[in-house]
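> coords please:
(one chain, ligands or ions: 1)
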Amino acid sequence: MSLSVKHLLGIKDLQPQDIETIFRTADNFKEILKRSIKKVPTLRDTTIVNLFYENSTRTRISFELAEKRLSADTINFTASGSSVSKGETLIDTAKNILAMKVDMVVMRHSASGAPHFLSKYIDAAIINAGDGTNEHPTQALLDAYSMREQLGDLKNKKIAIIGDIMHSRVALSNIYCLQKLGAKVLVAGPPTLIPKHIKALGVDVTYHVQEALEWCDVANVLRIQLERQNMPLFSSLREYSLYYGINKKMLDSLQKKIIVMHPGPINRGVEINSDVADSEQSIILDQVENGVATRMAVLYLLAGKKDLE
Ligand code: CP
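Residues are numbered from 1 along each chain as shown. Model (predicted):
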């Protein structure tokens with residue numbers, strides 16, 4: 001089993017078969033993670049650097065755990081506290097780290113395209129752990145994997161992505177991934193937070209959250225990315241919550257039981273209420289759990305090793 005790509009820079013570059021291969025491999029790793037001994041020697045003697053230029057809780061811990069479960073040697077780099085503050089460029093930082101014989105790079109950066117840029121200058125396999133407003137491929141893979149666990153084959157399943165679509169790398173990667181798996185995608189949110197030309201990607205659009213909930217099998221709710229907004233795009237968080245936040249009353253008014261997801265971090269009481277986030281319809285923590293097996297699969301497949309254990 002192998003992928004058609006050398007790096008995982010975005011879901012855009014993957015073939016549907018690649019996604020299926022990642023899911024099948026993740027199934028195997030999920031089984032291994034249920035054992036009392038969760039560690040396998042698969043990536044022994046492989047060195048991986050986690051290069052995080054932007055904050056992260058879930059993605060960084062999940063990658064680090066995935067690497068440790070695979071017995072890889074890991075190095076954690078965060079921009080704060082590094083020589084980046086002394087003016088070192090991204091390429092110089094990466095080349096210096098790679099001079100220490102690193103095989104793979106997991107990279108998060110606030111600039112869209114940073115991992116693509118780096119891939120032109122270094123030989124190591126690069127995994128994009130989120131680049132600006134562009135893509136967050138492993139999030140989309142773990143999201144689709146979690147949906148598939150609940151619904152089976154995603155062909156013709158209806159997925160609503162709700163919230164700040166404009167600034168979300170999770171939204172774009174989810175759209176690419178779900179469409180490659182044959183799902184139907186609707187985006188919903190305030191007009192100011194939905195890109196004008198998003199229909200060109202083949203998704204439907206609504207500005208009414210209740211309409212999206214009535215249509216969908218799964219609602220993937222996204223955070224307002226205030227850190228990426230240079231000017232106010234809605235009047236207040238209170239008003240956003242009133243018109244676009246998801247609460248239990250809305251779910252209870254539906255004629256069916258939908259699945260609710262969120263990539264995290266959650267802003268409770270803004271885009272999602274606690275009575276939804278903590279409800280039995282929410283699979284938010286399943287997403288986090290599946291992140292480890294999915295990332296183990298990506299690391300394993302890009303490392304090009306033959307044996308799973
Ligand atoms: N979902 C996600 O990317 O979360 P973190 O920013 O905490 O990694």
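
> alpha carbons only for contacts and neighbour counts from here, please
Will do.

> Show me which residues of the protein sit near the ligand.
Within the chain, the positions near the ligand by C-alpha under 6 Å from any ligand atom are S56, T57, R58, T59, R60, P263, G264, P265.

> Closest one of those to L9?
Of all these, the one sitting nearest L9 is T59; the distance, using C-alpha to C-alpha, is 15.1 Å.

> ok, now which ones touch the closest one?
Shown in contact with T59 (C-alpha atoms under 8 Å, 6 or more residues apart in numbering): A129.

> Specify the local secondary structure of it.
helix (DSSP: H, G, I helix; E, B strand; the rest coil).

> returning to what we had before: give the PyMOL command for selecting the buried subset of the residues of the chain next to the ligand.
To isolate the buried members of the residues of the chain next to the ligand in PyMOL, using 16 or more other C-alpha atoms under 10 Å:
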select buried, resi 58+59+60+263+264
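
> Tabulate the residues of the chain next to the ligand (JSON lines), appending pLDDT.
Below are these laid out as JSON lines (pLDDT from 0 to 100):
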{"residue": "S56", "pLDDT": "96"}
{"residue": "T57", "pLDDT": "96"}
{"residue": "R58", "pLDDT": "97"}
{"residue": "T59", "pLDDT": "98"}
{"residue": "R60", "pLDDT": "97"}
{"residue": "P263", "pLDDT": "98"}
{"residue": "G264", "pLDDT": "96"}
{"residue": "P265", "pLDDT": "95"}
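
> Name the helix or strand for the residue most central in space within the chain, please.
Central residue of the chain (C-alpha atoms, centre = their mean): Q139, 1.5 Å from the mean position. In this structure, Q139 sits in helix 137-151 according to DSSP states H and E.

> for D27, same thing?
Going by DSSP H and E, D27 is part of helix 16-33.

> Same check on F77?
Short version, using DSSP H and E: F77 is in strand 73-78.

> excluding its backbone neighbours, what's nearest the residue nearest to the centre of the chain?
Nearest residue to Q139, sequence neighbours excluded (C-alpha to C-alpha, 6 or more residues apart in numbering): V170, at 6.6 Å.

> quick one, the one helix or strand M107 maps to and strand 73-78 angle?
Using DSSP H and E, the element containing M107 is strand 104-109. Put simply, strand 104-109 runs at 20 degrees to strand 73-78, going by axes from the mean of the first three to the mean of the last three C-alpha atoms, to 10 degrees.

> Alpha carbons only: can I get strand 104-109 in CSV?
Presented in CSV, the C-alpha positions along strand 104-109 are these (Å, rounded to 0.1, in the frame of the first residue of the first chain):
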residue,chain,number,x,y,z
MET,A,104,9.9,13.7,8.0
VAL,A,105,8.5,17.1,8.9
VAL,A,106,5.1,17.8,10.3
MET,A,107,4.4,21.5,9.9
ARG,A,108,1.9,24.1,11.0
HIS,A,109,2.3,27.7,9.8
